[in-house]
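*Asks:* For reference, the sequence and a predicted model appear below.
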Amino acid sequence: MQEKRSDQGVKAVAEPDKKNYGRWGSVAALLVAFLAKFKTVGLLLINILKFGKLGPTIWSMLLTVGAYTLIWPWQFAVGLVLMLFIHEMGHIVAARKLGLPVTLPAFIPFLGALIMMKERPQDAQGEAFVALGGPLLGSLGAAAALGLGILLKQPFLFLIAWVGFFLNLINLLPIHPLDGGRIVTAISRWLWVVGLIGGLIAIIYLRSIVFFIIWLLFVWELYKAYVKKDGAEPRTFKAVFPLAQRTFSEQGFPIPGPEHRRSLDFYQYCRLEDRASYLVLMYPGLGEVGAYPFTIGEVKRVEMIGYEKRQVSLGAFNMFGGFDASNTPSETRGVTGTTDSATSAAHGAPDVDDTSADGLLKVLLTLIPEEGQGAIVRDRAYYQVPLKTRFIYGTLYFGLIAALIFLMSITASYMGGLA
């Protein structure tokens with residue numbers, strides 16, 4: 001009887017344990033399911049908050065708005081960041097119009113906003129086009145704020161408009177890397193001198209440490225580019241250019257030998273119609289003997305070190321081919337150096353076969369590679385802009401400055417009327 005009671009007792013004890021286990025198991029299962037669902041929702045929320053490619057721009061905008069609200073009302077903070085955004089979008093639209101890859105804007109509290117260009121424009125005209133896009137669209141954005149202020153009679157909208165006009169006007173100072181410093185490259189680089197003086201006046205007026213730093217960097221870049229010429233030491237490379245034997249024989253000149261050495265005159269130019277840059281070589285007594293596509297830097301000296309009688313296919317020709325790769329500019333490897341018959345003829349040089357040549361002119365080129373030209377481009381061909389284009393950019397540049405000054409005065413009158 002005792003054993004029976006004992007078995008029943010054990011069974012009685014065991015049954016509650018099994019029930020408790022089932023109850024806690026259900027709770028655990030629900031908890032696991034909830035956590036799994038929470039993880040999915042959490043990951044989805046994180047992905048949404050990343051905003052895809054727009055994430056860095058949106059978050060930096062929000063951060064900048066938050067920083068500005070510590071000092072100014074939130075309405076003004078939002079409006080100021082929006083003015084900066086519209087300005088930067090003007091640069092992006094212009095850059096993509098030229099097919100230049102560019103990043104989305106990034107905002108830095110109390111410093112402004114910026115975009116990064118992954119490729120430098122091919123010439124000053126392209127640089128000016130991209131630079132002008134920001135102030136143009138930015139001024140339209142400020143004008144829209146002014147229009148809303150007139151319509152809604154809200155003082156903060158007038159303030160946003162005035163600040164928008166002012167920021168775009170300051171950006172038009174001819175100081176590199178401000179927009180104005182880039183725009184004037186298509187007008188006249190002498191306007192950089194105006195920027196040096198105007199920059200000092202702006203620094204005294206604004207009492208801005210940031211602007212003072214920008215001005216100092218501009219002065220340093222000008223000093224490196226045109227005074228010290230730091231980082232632009234000439235380097236010498238071996239190169240070959242196709243040159244037909246008849247260039248000499250038809251003029252009664254003996255064909256030079258493989259060890260013939262002499263200094264050659266030359267010049268570089270840029271065709272205005274297609275922005276193609278060329279190096280024109282001249283031989284004593286013959287004049288111009290060939291115009292060759294050449295976009296890798298500014299040539300300082302050309303020395304002939306021989307002439308080789310050899311059939312060359314121009315389609316596969318490389319001006320630095322056959323030489324030690326360590327002694328060639330990195331940006332020139334694989335760059336073709338074929339002659340252009342139309343260009344050669346236009347410069348008085350003998351016409352060359354457009355598919356092959358039966359001789360190679362071997363030279364030593366002393367040049368400043370483009371990679372060593374710093375933030376301010378030194379290549380003279382870069383700044384060759386047609387006179388008509390200079391006039392157009394000059395009209396837009398000075399016209400926009402005048403319009404911004406006028407709009408600032410109009411906006412100030414509305415602000416005074418509501419005071």
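*Replies:* Nice, I can see it.
*Asks:* Domain-wise, how is the chain divided?
*Replies:* 15-50, 58-230+387-418, 235-372 (automatic domain parsing).
*Asks:* pLDDT (mean, whole number) over the last one?
*Replies:* The reference is to domain 235-372. Across domain 235-372, pLDDT averages out at 70.
*Asks:* pLDDT below threshold where in the stretch 101-250 of the chain?
*Replies:* 228-233 (pLDDT under 70).
*Asks:* Can you show me the helices along it?
*Replies:* Using DSSP state H, counting those that start in this stretch, the helices assigned to the stretch 101-250 of the chain run over residues 124-152, 155-171, 179-183, 191-206, 209-223, 246-249.
*Asks:* For residue 396, which of those is the nearest?
*Replies:* Proximity to residue 396, assessed across the helices of the stretch 101-250 of the chain by Cβ to Cβ, is greatest for helix 124-152 (6.4 Å). Where C-beta positions appear, they are placed from N, C-alpha and C, glycine not excepted.
*Asks:* what angle sits between the closest one and helix 155-171?
*Replies:* 160 degrees (axes from the mean of the first three to the mean of the last three Cα atoms, to 10 degrees).
*Asks:* neighbours around residue 181, how many?
*Replies:* 25 (other Cβ atoms under 10 Å).
*Asks:* In this structure it contacts residue 171, no?
*Replies:* No: with contact defined as Cβ atoms under 8 Å, residue 181 does not count as touching residue 171 (9.4 Å).
*Asks:* Tell me if residue 100 really is in a helix.
*Replies:* No: assigned with DSSP: H, G, I helix; E, B strand; the rest coil, residue 100 falls outside any helix and is coil.
*Asks:* does residue 263 count as helix, strand or coil?
*Replies:* Secondary structure, three-state DSSP: residue 263 is strand.
*Asks:* Next, the contact list for it, please.
*Replies:* 301-304 (Cβ atoms under 8 Å, 6 or more residues apart in numbering).
*Asks:* Kindly recompute the last result at 7 Å.
*Replies:* Residues near residue 263 by Cβ atoms under 7 Å, 6 or more residues apart in numbering: residue 303.
*Asks:* what's the residue nearest the centre of the chain in contact with, if anything?
*Replies:* What sits nearest the mean C-alpha location of the chain, by Cα atoms, centre = their mean, is residue 117, with 3.0 Å. Contact partners of residue 117, counting by Cβ under 7 Å, 6+ apart, are 95, 100, 102.
*Asks:* How much space separates residue 75 from residue 153?
*Replies:* Computed with Cβ to Cβ, to the nearest Å, the distance linking residue 75 and residue 153 is 14 Å.
*Asks:* higher neighbour count, these two?
*Replies:* Shown here are residue 75 and residue 153; by other Cβ under 10 Å, residue 75 has more neighbours (15 against 12).
*Asks:* For the helix or strand encompassing that one, output the C-alpha coordinates as CSV.
*Replies:* Element membership for residue 75 (DSSP states H and E) is helix 74-97. C-alpha atoms of helix 74-97 as CSV (Å, rounded to 0.1, in the frame of the first residue of the first chain):
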residue,chain,number,x,y,z
TRP,A,74,14.3,76.1,-36.8
GLN,A,75,12.5,77.7,-39.8
PHE,A,76,15.6,79.7,-40.6
ALA,A,77,17.9,76.6,-40.1
VAL,A,78,15.8,74.5,-42.5
GLY,A,79,15.7,77.4,-45.1
LEU,A,80,19.5,77.9,-44.9
VAL,A,81,20.2,74.3,-45.5
LEU,A,82,17.7,74.2,-48.3
MET,A,83,19.5,77.2,-50.0
LEU,A,84,22.8,75.3,-49.7
PHE,A,85,21.2,72.2,-51.2
ILE,A,86,19.8,74.0,-54.2
HIS,A,87,23.2,75.7,-54.8
GLU,A,88,25.0,72.3,-54.8
MET,A,89,22.4,70.7,-57.0
GLY,A,90,23.2,73.4,-59.6
HIS,A,91,26.8,72.1,-59.7
ILE,A,92,25.6,68.5,-60.0
VAL,A,93,23.2,69.3,-62.9
ALA,A,94,25.9,71.2,-64.8
ALA,A,95,28.6,68.5,-64.2
ARG,A,96,26.3,65.7,-65.4
LYS,A,97,25.4,67.8,-68.4
